[in-house]
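**Student:** build me a model from this:
(2 chains)
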Amino acid sequence: ETGVTQTPRHLVMGMTNKKSLKCEQHLGHNAMYWYKQSAKKPLELMFVYSLEERVENNSVPSRFSPECPNSSHLFLHLHTLQPEDSALYLCASSWGFATGELFFGEGSRLTVL
Amino acid sequence: GDSVTQMEGPVTLSEEAFLTINCTYTATGYPSLFWYVQYPGEGLQLLLKATKADDKGSNKGFEATYRKETTSFHLEKGSVQVSDSAVYFCALGVIIQGAQKLVFGQGTRLTINP
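**Tutor:** Numbering: from 1, shown residues only, chains lettered A, B, ... in the order given. Below you'll find the model as predicted:
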């Protein structure tokens, strides 16, 4: 496999469920990111990890909990979500110490009922 | 804070028409500037970038020039194709603690008719 892989591609959950989104990068990058893409809104940066350490948390509600166990994997744990959390969640990775490209996965489409 | 403003979409053109998508930014430092493209059902992919003032990024016939004096990074293409139909995002990037933070505009949906 190459690039950035996200699973699952689609997820439907109730407001009381607990689920996780997974992201894996095979590019040897040192930084990983979660973005939220909602209809008619700009992409929102949620979390940034550099060398497995969280360096940015953009006022994201605590019902979203990120985890970066190593430089290749990033998780987004979800619990007691709201219907307005329904969106496309995009993972990305990059070499963080220089200006360069972020490589994005295809996203996980989340629907909260 | 840092922000990016793109022209409102959707934009609909005929094949071989000239394309301009306007993008302006507000930043406290000296960011890098990017255009990303998102095709249906896919993630974002880098189209072009510029890292300093007066740089021109180009790829697949698309061009954009980093204009510091007007804080702009407008995307242009001389002759669009049906395959260019997608959503285009302008973004600025700054380095933070060993990572690159990208701030995106709201996106412009482009449809090219044959």
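
**Student:** in chain A, which spans are strands?
**Tutor:** Under the criterion DSSP state E, chain A contains strands at A:4-7, A:10-13, A:18-25, A:31-37, A:44-50, A:53-57, A:64-70, A:73-79, A:87-94, A:103-104, A:108-112.

**Student:** where among those is average confidence lowest?
**Tutor:** Mean pLDDT across the strands of chain A is lowest at strand A:53-57; the value there is a mean of 82.

**Student:** buried residues in that one, which are they?
**Tutor:** A:V55, A:E56 (16 or more other C-beta atoms under 10 Å in any protein chain shown). Just so you know, the C-beta spots here come from the backbone N, C-alpha and C atoms, and that holds for glycine as well.

**Student:** and that strand with chain B, contact?
**Tutor:** Yes - counting by C-beta under 8 Å from any C-beta of the partner chain, chain B has neighbours in strand A:53-57: A:V55, A:E56.

**Student:** do you know the pLDDT at the nearest residue to B:T26 once chain neighbours are set aside?
**Tutor:** Taking C-beta to C-beta, 6 or more residues apart in numbering or on different chains, and ignoring the residues beside it in sequence, B:T26 has B:S3 as its nearest neighbour in space, at 4.8 Å. Reported pLDDT at B:S3 in the predicted model: 92.

**Student:** in this structure B:S3 contacts B:T24, no?
**Tutor:** No - using C-beta atoms under 8 Å as the test, B:S3 is too far from B:T24 to be in contact (9.2 Å).

**Student:** more crowded one of the two?
**Tutor:** Summary of the neighbour comparison: B:S3 and B:T24, criterion other C-beta atoms under 10 Å in any protein chain shown, with B:T24 having more neighbours (17 against 13).

**Student:** in what helix or strand does that one lie?
**Tutor:** Using DSSP states H and E, B:T24 sits within strand B:23-26.

**Student:** return the list of helices and strands in contact with that strand.
**Tutor:** Helices and strands touching strand B:23-26, by 3 or more C-beta pairs under 8 Å, 6 or more residues apart in numbering or on different chains; DSSP states H and E, are strand B:3-6, strand B:32-38, strand B:86-96.

**Student:** next, the buried residues of it.
**Tutor:** Judged by neighbour count using 16+ other C-beta under 10 Å, the buried positions of strand B:23-26 are B:C23, B:T24, B:Y25.

**Student:** get me the contact residues on chain A for chain B.
**Tutor:** Those residues of chain A that sit near chain B, judged by C-beta under 8 Å from any C-beta, are A:4, A:30-31, A:33, A:40-43, A:45, A:48-51, A:55-56, A:90, A:92, A:94, A:96-102, A:104-107.

**Student:** give me the buried subset of those.
**Tutor:** A:4, A:30-31, A:33, A:42-43, A:45, A:48-50, A:55-56, A:90, A:92, A:94, A:96, A:99-102, A:104-107.
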